[in-house]
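**Q** coordinates for the following, if possible.
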Amino acid sequence: MHEKRPSTAPDFLLSRAHGSVRTQGAKRTFTNPWDAVDTLHRGELEMVVGALPFAREDPAALTVPETIIREDGPLEPHSYYRFGPGSRLNARLLTLDPPPEEHLDRVNAAIGTIRNSRLQKVVLARAVEIGFEPAVDPLLVAARLIDNSRNRDGFIADLSPAGNEFAGRMLVGSSPEVLIKRQGSTVTAYPLAGSAPRHPDRDRDAVIAQELRSSAKDIEEHFYVVDHLRASLAPLCSRLDIPAHPELTRTNEMWHLATPITGTLRNPKTSALELALRVHPTPAICGTPTDAAEDVIRLAESDRGFYAGAVGWCDAAGDGEYMVAIRCAEVSADGTTARAWAGGGIVADSDAQQEFDETTAKLQTIMRSLGL
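**A** Model (predicted):
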């Protein structure tokens, strides 16, 4: 599969319109992200890259890379993956986890729980298993995602540091959601919550966007996330600017409500990785109250692993960027299978069928890039 693979092929990348990072090799690894925070603090590392899991108690997959390349704009996929021998991809859908009827049942059960308990919101996800013949190079999936992304967003992270079960596995995705970004004393976040599938008809698509902008249910769902970030960031910031109303943002598949959050750090030593750990998981991918929502997710779903975690980098200065690990797939070590997820936020006024349709639309980011 890899006989002519370019020698520059990274094992971590984060492509963003404003700037990108790609790295190769591993000088050392961390499973406890707070150990990485402390080691960065002591000035012993040039950079830490990798992924944080959804469940805070699970091992992280963080790497101190041997080589680092930073670029001003988004990454340009290598021609090997666009037109060369590495551009061949043959995927098929294997299974749905859970079957559609079961996901609808879970959503209805969650709505009932929310109406009769202190749980206010929970994000329920479903997964699809995909097979590849021949085996796929995860970097080909990343190249397709970057090329298909409206904003040239894409990431890949080697999950091997998290332990045997993840050895050789790669997380690949194209997330539109910034968990946290730090540049100097400025911290920014761009939470997404409240979504609607886009429509190929331009006029209908515009109507859907305006309906989302005025949807009480979606605005409620969105403000749980904004309130969580306000509570998490306010103690760490001397100034925090949060608009009163969310804005609309779009990917090729979805409309989202989004709020651009900007703050000034009180302590310039607070690193991007520490900030990511302090705000994760947000109600955008978990729910609120956090612990109650996590309990429901643990009972209802198969293990998420690194889906709905975070992927990013942090350098010696404390600068860095972490994307929420959504619109992603975990590719097996041998490249023959992948698992992709999509979730939706459930509140008291949710409709189970609409929630199912939303996850179907979100899965299109990965499915389309795999030719499914």
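**Q** tell me how far the residue positioned nearest the centre of the chain lies from G343.
**A** Nearest to the geometric centre of the chain sits A325, at 1.7 Å (C-alpha atoms, centre = their mean). Distance, A325 to G343, by C-beta to C-beta, to the nearest Å: 11 Å. In this view, the C-beta of every residue, glycine as well, is placed from N, C-alpha and C.
**Q** need the residues touching each of these two.
**A** Shared contacts of A325 and G343 (C-beta atoms under 8 Å, 6 or more residues apart in numbering): A308.
**Q** contacting residues for the closest residue to P74 other than its chain neighbours?
**A** Of all residues not flanking P74 in the chain, R152 sits nearest, at 3.3 Å (C-beta to C-beta, 6 or more residues apart in numbering). By C-beta under 8 Å, 6+ apart, R152 lies in contact with S15, R16, A17, G73, P74, L75, I146.
**Q** likewise D218?
**A** A193, G194, S195, A196, L212, L257.
**Q** now name the helix or strand holding it.
**A** Assigned by DSSP states H and E, D218 falls within helix 216-233.
**Q** how near is the residue nearest to the centre of the chain to W341?
**A** Distance from A325 to W341, by C-beta to C-beta: 9 Å.
**Q** any common contacting residues for those two?
**A** Y307, A308.
**Q** re the thing from before, look at the nearest residue to the residue nearest to the centre of the chain once chain neighbours are set aside and say how many residues are nearby.
**A** Distances taken as C-beta to C-beta, 6+ apart place G309 nearest to A325, at 4.6 Å, with adjacent residues excluded. Residues lying near G309 (other C-beta atoms under 10 Å) number 28.
**Q** separation between G309 and L62?
**A** Distance of G309 to L62, given as C-beta to C-beta: 11 Å.
**Q** what residues do those two have in common as contacts?
**A** A51, L52.
**Q** surely T251 is in contact with P176?
**A** Yes. Between T251 and P176 there is a contact at 5.2 Å, judged by C-beta atoms under 8 Å.
**Q** now the common contact residues for those two.
**A** With C-beta under 8 Å, 6+ apart as the test, T251 and P176 both reach N151, R327.
**Q** residues touching G25, list them.
**A** D11, P65, E66, T67.
**Q** my read: the residue nearest to A325 touches P59, true?
**A** No. Here G309 does not reach P59: they are 11.2 Å apart, not a contact under C-beta under 8 Å.
**Q** what's the burial count for A342?
**A** Neighbour count for A342, taken as other C-beta under 10 Å: 24.
**Q** nope, A329 is what I meant
**A** 28.
**Q** now do V141
**A** V141, neighbours per other C-beta under 10 Å, totals 30.
**Q** may I see the buried residues of stretch 336-347?
**A** For stretch 336-347, burial by neighbour count (16 or more other C-beta atoms under 10 Å) applies to T337, A338, R339, A340, W341, A342, G343, G344, G345, I346, V347.
**Q** and of these, the nearest to V226?
**A** Comparing the buried residues of stretch 336-347 against V226 with C-beta to C-beta picks out G345 as the nearest, at 12.9 Å.
**Q** helix, strand, or coil at the residue nearest to P74?
**A** Classification of R152 using DSSP: H, G, I helix; E, B strand; the rest coil returns coil.
**Q** many thanks, we can stop here.
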